[in-house]
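In: Next come a sequence and a model predicted from it.
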Amino acid sequence: MDKYVNLIGIPFDGKSSYLGGAGFAPERLRKEMSSSAYNMYCERRFPVLNKDFLKDCGDLKANSYEKMLPALRQQIRAGEKYVFIGGDHSLTFPIVEAMNEIHGTFHILHFDAHGDLYNEFEGDPHSHACPFARIMEKGLVETLTQVGVRSLTPHQYEQAEKYNVEVYEMRNIAHFDPSWVEGPLYISLDLDVLDPAYAPGVSHREPGGVSPRMLIDWLHEIKVPVIGADIVEYNPLRDVGDMTASVAYKLLKELLGVFWSEGEEG
């Protein structure tokens, strides 16, 4: 097989506000991936969990936020694709910084109930509520498109205006068309973009979100090259009947299908 994706877990939730627990997500999702309840195929009928396509590189060797960027620099290699399993959303900033050092600027498609654009939150500029403010102020990307947001504060709205962020709030979600997205692309998927009826296992439940079907259909519409992605903010400590683990597993398979479909018919 001439193409594959590297999977890296980042079991870190040291920048979470309100509740911890997202650090347990990589271990829990790997358990779901090995369950005999499912098969390894995505909806594009490709076995994305085949070990020849998905290479599990284990967890990032970083036990603090400060060590994350140096560890990522050692792990990430030019010409290869990556999916990161968090962990809280603070990890997206060092990931994007490390990816920028290899690829230069690219585009980000960010699915989330929250903008994560605070300049600082509870005195911490690297809180999980701030990664996209850090990314934008450093000019690491060409564009940032946020989808599913439904909790913008006046400050975050000002930040979005300041950094020219394209925000599709849930109240105007009908205007989002994934075919407009440019590449090369990095996808950041915060599971709380989903309505908590589908994914209760998140720390910050925000009703009024998207369905898994809607999100999967959007992923299927992406046609540009994808260089990397993350799935973050799954909190196994808040899950109900492993519902969110199952949904996260499904979304991981369909996200991997986006990498596989590059250059394919679909």
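Out: Here it is on my side, so go on.

In: now the helices: where do they sit in the stretch 101-250 of the chain?
Out: Shown for the stretch 101-250 of the chain, the helices assigned by DSSP state H, counting those that start in this stretch span residues 131-137, 154-162, 212-220, 243-261.

In: closest to Pro26 out of these?
Out: Smallest distance to Pro26 across the helices of the stretch 101-250 of the chain (Cβ to Cβ): 10.7 Å, for helix 243-261. For every residue, glycine as well, the C-beta is placed using N, CA and C.

In: roughly how far out does the closest one sit from the chain middle?
Out: Taking Cα atoms, centre = their mean, to the nearest Å, the mean C-alpha location of helix 243-261 is offset from the chain mean by 11 Å.

In: For it, give the mean pLDDT please.
Out: Helix 243-261 carries an average pLDDT of 96.

In: now the helices of the stretch 101-250 of the chain in JSON lines, with mean neighbour count?
Out: Conversion of the helices of the stretch 101-250 of the chain to JSON lines gives the following (neighbours: other Cβ atoms under 10 Å):
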{"stretch": "helix 131-137", "mean neighbour count": "23"}
{"stretch": "helix 154-162", "mean neighbour count": "15"}
{"stretch": "helix 212-220", "mean neighbour count": "18"}
{"stretch": "helix 243-261", "mean neighbour count": "22"}
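
In: of all these, which lies closest to Ser179?
Out: Nearest of the helices of the stretch 101-250 of the chain to Ser179, taken as Cβ to Cβ: helix 212-220 at 9.8 Å.

In: packing partners for the closest one?
Out: Judged by 3 or more Cβ pairs under 8 Å, 6 or more residues apart in numbering; DSSP states H and E, helix 212-220 is in contact with helix 243-261.

In: The helix it packs on vs helix 212-220, what angle?
Out: Helix 243-261 and helix 212-220 are oriented at 20 degrees to each other (axes from the mean of the first three to the mean of the last three Cα atoms, to 10 degrees).

In: then helix 243-261 to CSV, C-alphas only?
Out: Taking only C-alpha atoms (Å, rounded to 0.1, in the frame of the first residue of the first chain), the coordinates of helix 243-261 have been written out as CSV:
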residue,chain,number,x,y,z
MET,A,243,-22.3,5.9,23.5
THR,A,244,-19.7,8.6,22.9
ALA,A,245,-16.9,6.0,22.5
SER,A,246,-18.9,4.4,19.7
VAL,A,247,-19.6,7.7,18.0
ALA,A,248,-15.9,8.7,18.3
TYR,A,249,-14.9,5.4,16.8
LYS,A,250,-17.3,5.8,13.9
LEU,A,251,-16.0,9.4,13.2
LEU,A,252,-12.4,8.2,13.4
LYS,A,253,-13.1,5.7,10.6
GLU,A,254,-14.8,8.2,8.4
LEU,A,255,-12.1,10.7,9.0
LEU,A,256,-9.5,8.1,8.0
GLY,A,257,-11.7,7.5,4.9
VAL,A,258,-11.0,11.2,3.9
PHE,A,259,-7.3,10.5,3.8
TRP,A,260,-7.8,7.3,1.8
SER,A,261,-10.2,8.9,-0.7
